[in-house]
Structure formats: C-alpha cells, structure tokens
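Colleague: Just need the structure, nothing else, for what follows:
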Amino acid sequence: MFTAHKNIPFSNAKDFFSKIREKGKKIVQCHGTFDLLHPGHIVHFEEAKALGDVLVVTITGQEYVNKGPGRPYFNDALRVKYLASLEYVDYVVVVPYSAAAEAIECIHPHVYCKGKEYENPDIDVTGNIYDDIKTVNRLGGEVRYVGSIVFSSTKLLNRHFEVHPPKMKEFCANLAKKYTPNKFRDIVESFKKLKVLIIGDIIFDRYSTVKVQGLTSKNRIISTKFINEDTQAGGALAVFRHVKQFTPKVKIISLSGTEPWIDSNLAKYISPSEDGIIRSPGFTTIVKQRFVEPLNEGKELSKLFSLNVIDEQRLPKELEKIIYNLVKSCIKDFDLVMVMDFGHGLLQNNLRELIQEKAKFLALNCQTNSYNHGFNIIDRQYYKADSFSLDETEITLACGKRDIDFAEELKKMQEKLESEYAWLTRGATDTIGIRKGEPQCDCVSFEKSVVDTVGAGDAFCSLASLAAVKKLPIELATFMGQLAGAQAVRIIGNAESVQKNRFLKGGMSLLNF
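Modeller: Prediction:
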C-alpha cells in the first residue's frame with residue numbers, strides 16, 4: 001500500500017491542516033508514542049475516527065520519548081509506516097517535542113482523543129494531561145476518551161521483546177515483582193517531604209565547541225575554529241539542581257568568588273532562601289573549561305583538552321570560620337546532608353569533623369579528579385558516613401592495589417566508614433550496591449548510547465542518597481541511581497538536571513511487566 005502521502009512533516013502541518021479545516025472537515029487527533037501497535041490501538045483509532053472526518057495521529061519523535069532506556073523500540077520511520085498503513089488513519093505527523101501541547105497547537109483539532117484510562121488525569125505522572133486539556137479548550141476543541149480495549153505497549157515490549165540486554169531485563173523483572181509502577185511512583189513522590197542540605201564545591205563547567213582545522217605550520221599546535229560556548233552549573237550546584245526536582249526543601253552551602261557574572265548565574269538556579277553560598281573577593285570561582293568537537297549523532301562527545309581555573313592556596317582561617325559557623329547553625333534542621341567533596345578547598349578537617357558528628361544522615365561523595373589526584377582519598381578524609389558512592393579509580397586509590405576484588409574492597413570500606421549503604425559505580429560495566437543485612441546488588445548499566453559521562457556519577461549519587469535516607473532496599477535504591485545516571489549520560493555535561501517526570505516515566509516503564 002502506498003502511504004507516503006499520509007506522512008506530513010511537522011514544519012508543514014499547521015498550514016496543511018488549516019486548509020482542511022477551511023474545507024469544513026472535522027479533524028480528530030490522537031497523540032502518543034505508539035511504539036508497538038496492538039489491538040487496543042486499533043480500537044482506539046476506530047472509535048476516534050467515528051468522531052469526525054479526518055483522523056490525524058501525532059507521534060512523539062524518537063529523540064523526545066521519555067519512556068526510559070531502549071525506547072522507543074521502533075524508530076520514527078517504522079512507526080510512521082505501520083500507523084499510515086491503517087485504513088482509519090488519514091495522516092501521521094512526527095512531533096519534535098516530548099509533550100502533546102505543541103502537537104495540539106499545530107493540528108488544532110476539533111476533537112482530541114485520549115485513552116479511557118486518562119479519564120482520571122492523575123494517572124499521568126508528568127501532569128501533561130492537564131496542559132493538553134487546557135490547550136484543547138483554549139483552541140475551542142473538545143476532549144474525548146475512547147478505546148474500549150486497553151493493552152500496554154510497554155508491558156508487551158518488556159515481556160516479549162529484547163528491548164534491554166538480558167541482565168538488565170532480569171534485574172528489572174525481578175524488581176517489578178516487588179514494586180509495581182504505581183508503588184514506585186508513590187515512593188518517589190515521598191521524597192518531596194525530605195529536607196536536604198548540600199555542602200560542597202560548586203563548579204561552572206564551560207563547554208567550548210570548536211572545529212579542528214589541523215596543525216599550525218610553524219609550531220605544530222592544534223588549530224581550531226571557535227563555534228560556540230555554553231557555561232553550565234556543575235559540582236555541588238548540579239547535585240542541588242537534581243535534588244530540587246524531587247523535593248523543594250533544599251539548601252546549598254558553598255563558596256564562590258565575586259566575579260561580575262557570578263550572581264546572575266547563581267540566580268538562575270537558587271532562590272535567596274536556598275542560597276548558602278559565601279561570596280568572597282579573595283576566592284576565585286572554580287571554572288572547568290572543556291574544548292570539544294561538535295557532537296555527532298550516535299557518538300560520544302569528543303573532548304580535545306581542558307583548562308581549570310582553581311585557587312591553589314588554602315582558604316583564610318577567617319573564611320573557614322564563616323563557613324563552619326554557617327553549617328553549624330543549620331545542619332540539625334535537615335533530614336539528609338549530602339557532602340560533594342571535589343577536593344577544591346571548601347571542606348577542611350574541622351568542617352568535615354562537624355558534619356560527620358552532627359548530620360542526621362550523611363551521604364558522602366569524595367571525588368578524585370585531575371586536580372586532586374591521590375590527595376582526596378575518602379577514608380583519609382572521612383571516618384564516618386551513612387552512605388557513600390565511589391567510582392573505580394577512587395576505590396583503587398583508596399585500597400592502593402591494581403588487581404582487586406571490587407566487591408570485597410567495597411565491603412571493607414563500608415565497614416571502615418560504618419556505613420549502611422555503599423556503592424561502586426563502574427560506568428558502562430555495572431554498579432555494585434551493598435547494604436547491611438541485605439544481599440549484594442549487582443546492576444548493569446541502563447544506557448549504552450552515551451553522549452557525555454561528565455556528571456553521571458553526581459546524578460547517581462543524588463537519587464541513591466534520597467533512596468538511602470528513606471531506608472529503601474538496596475536493589476531499589478541502586479535502580480534509582482542507575483536510572484538517574486542513564487538520563488545524565490544522554491546530555492552534554494550538566495546542561496540539564498535529572499528531570500523528575502522523565503525519571504518517573506522511565507522507572508515506571510522499566511517496572512511494567
């Protein structure tokens with residue numbers, strides 16, 4: 001069947017359907033991912049088509065689908081092809097947005113159809129259904145709920161297709177026996193009651209995109225052409241942004257300089273009541289600049305070299321005292337204290353001592369980087385934490401051996417720090433999670449299509465720490481950390497925080513068996 005005429009580009013769709021309206025035709029719109037066509041969809045389209053003259057099916061473009069790793073299973077071209085082959089469907093439009101409001105604005109339907117399950121709008125974890133209804137009403141249309149037969153594409157794919165690698169599928173299927181998608185959602189929603197204090201070095205990540213032109217003729221230096229630049233909130237500030245997606249009760253304590261650009265950049269992310277950042281004219285705000293090549297679709301970001309702007313000298317005693325007193329004055333007010341120690345000078349021994357003794361629950365991330373390599377070892381800086389996370393380099397430096405049993409060394413570190421929870425993240429390999437009184441948890445990486453690994457460990461730590469303070473089982477806490485990390489590696493650096501609605505949809509999809 002020749003169906004190419006049914007595929008309408010989004011850029012042309014508004015004018016195209018405006019002309020159909022002018023002819024007096026009644027337009028009905030259905031919107032979704034439609035990743036696996038099943039009998040429920042057929043009935044949905046049949047009932048929708050009966051409400052008007054022209055049925056338009058809009059689908060979320062593959063780059064904008066928020067159903068977790070591995071989705072959509074079928075790409076845009078295949079989804080368009082099988083939808084356009086249906087007699088009930090008159091036109092198909094791929095929409096370059098994650099929500100439906102833009103699609104509704106474009107099509108301007110007389111009738112907008114959703115499945116009968118959405119008659120209770122609370123079922124939509126993103127809350128976008130309210131925007132959909134508002135948009136339809138504003139345009140003078142009506143919302144109808146259709147589909148007398150209901151199936152789940154996600155459940156069918158998870159059960160009967162190889163959407164995910166076998167180990168990942170087994171892990172999620174076993175977890176799904178204990179946690180339904182709705183139970184997972186309820187647990188995540190409970191995070192909003194937590195009061196969280198974040199203490200650590202704030203870093204501004206600057207990505208300078210350049211095109212390599214070759215080598216200069218005289219000095220054999222790499223020659224590049226500047227394309228653009230993006231400055232992002234990283235370090236402890238990135239963690240603050242992640243956590244704020246899940247609870248509004250967050251405060252950050254850190255240190256910055258007084259550069260002309262600093263206040264306007266901080267104000268983008270932090271309200272006055274959340275701001276515990278000391279501005280000191282004697283301190284230089286940390287900037288880590290990475291020179292990168294333009295991102296090629298389907299490939300990891302290529303980094304050429306980096307330049308760090310960091311003060312070498314120790315903080316003045318008076319400044320240390322100001323920070324110490326600020327932490328001391330409020331630390332007992334918080335359920336969770338997250339320490340993001342990048343080894344850049346904020347955290348000195350007296351402040352570390354205070355935090356370890358006074359925090360109700362301490363989640364620790366003591367990082368190794370090119371600046372502090374070999375000097376910021378977790379068990380040399382800290383003696384106690386309720387939870388902590390390390391990467392492979394950090395635990396290797398801590399134990400001082402190359403050939404090690406990672407699980408065994410993680411258990412030793414857990415005992416040394418008297419921790420309830422401990423994690424070792426190993427990038428694309430796996431993550432090991434342990435908790436006192438529970439079996440060891442081994443969880444493979446959830447995302448194979450990596451854009452940039454910068455910030456992925458911070459995203460993992462953010463969600464794993466929220467799970468830990470809620471005393472969740474190690475397998476669920478690890479699942480949450482992996483889910484956050486999978487979201488983080490799909491973006492460049494810290495350009496975006498972990499998005500709660502995307503996190504919920506991804507987690508609920510992975511647990512839908």
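Colleague: Which helix or strand contains residue 224?
Modeller: strand 222-235 (DSSP states H and E).
Colleague: What of residue 204?
Modeller: strand 202-215.
Colleague: tell me which residues of that strand are tucked away?
Modeller: 202-210 (16 or more other C-beta atoms under 10 Å). Just so you know, the C-beta spots here come from the backbone N, C-alpha and C atoms, and that holds for glycine as well.
Colleague: for stretch 374-390, same thing?
Modeller: Residues of stretch 374-390 classed as buried: 376-378, 381-382, 384-390 (neighbour count, 16+ other C-beta under 10 Å).
Colleague: Dump it to CSV, restricted to CA.
Modeller: Provided in CSV are the C-alpha atoms of stretch 374-390 (Å, rounded to 0.1, in the frame of the first residue of the first chain):
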residue,chain,number,x,y,z
GLY,A,374,45.9,11.0,45.1
PHE,A,375,45.1,13.6,47.7
ASN,A,376,41.3,13.3,48.2
ILE,A,377,41.0,9.7,49.3
ILE,A,378,37.7,9.0,51.0
ASP,A,379,39.0,7.1,54.1
ARG,A,380,41.8,9.6,54.7
GLN,A,381,39.4,12.5,54.7
TYR,A,382,36.4,10.9,56.5
TYR,A,383,35.8,8.3,59.2
LYS,A,384,32.0,8.0,59.1
ALA,A,385,29.1,8.2,56.6
ASP,A,386,25.7,6.7,56.5
SER,A,387,26.0,6.2,52.7
PHE,A,388,28.7,6.8,50.1
SER,A,389,29.4,6.2,46.4
LEU,A,390,32.8,5.7,44.7
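Colleague: what residues does it touch?
Modeller: Here stretch 374-390 makes contact (C-beta atoms under 8 Å, 6 or more residues apart in numbering) with 339, 341-343, 347, 352, 356, 359, 361-369, 394, 397-398, 410, 413, 416-425, 457, 460-461, 464-465, 468-469, 481.
Colleague: and if we set it to 6 Å?
Modeller: Contacts to stretch 374-390, defined as C-beta atoms under 6 Å, 6 or more residues apart in numbering, come from residues 343, 356, 361-366, 368, 397-398, 416-424, 461, 468.
Colleague: Can you flag the buried ones in these?
Modeller: Counted by 16+ other C-beta under 10 Å, the contacts of stretch 374-390 give 343, 356, 361-366, 368, 397-398, 417, 419-424, 461, 468 as buried.
Colleague: Could you pick out which of the residues you listed are located in helices?
Modeller: Cross-referencing these against helices under DSSP state H gives 356, 397-398, 461, 468.
Colleague: For residue 249, grab the count of nearby residues.
Modeller: By other C-beta atoms under 10 Å, 18 other residues sit near residue 249.
Colleague: same check, this time on residue 289
Modeller: 16.
Colleague: in the strand holding residue 224, what's buried?
Modeller: Using 16+ other C-beta under 10 Å as the test for burial, strand 222-235 gives 224, 232-235.
Colleague: Closest one of these to residue 304?
Modeller: residue 224 (7.5 Å; C-beta to C-beta).
Colleague: Show the contacting residues for that closest one.
Modeller: Counted by C-beta under 6 Å, 6+ apart, residue 224 has contacts 210, 212.
Colleague: For it, name its beta-bridge partners.
Modeller: residue 212 (DSSP bridges).
Colleague: Checking residue 86 next. Helix, strand or coil?
Modeller: coil (DSSP: H, G, I helix; E, B strand; the rest coil).
Colleague: go on, residue 447?
Modeller: Assigned with three-state DSSP, residue 447 falls in the coil class.
Colleague: low pLDDT regions in the chain?
Modeller: 1-2 (pLDDT under 70).
Colleague: can you do 80?
Modeller: 1-2, 122-127 (pLDDT under 80).
Colleague: any chance of the buried residues of strand 222-235 in a markdown table, with distance to residue 16 too?
Modeller: Converted to a markdown table, the buried residues of strand 222-235 look like this (distance: C-beta to C-beta, whole Å):
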| residue | distance to residue 16 |
| --- | --- |
| 224 | 43 |
| 232 | 38 |
| 233 | 41 |
| 234 | 43 |
| 235 | 48 |
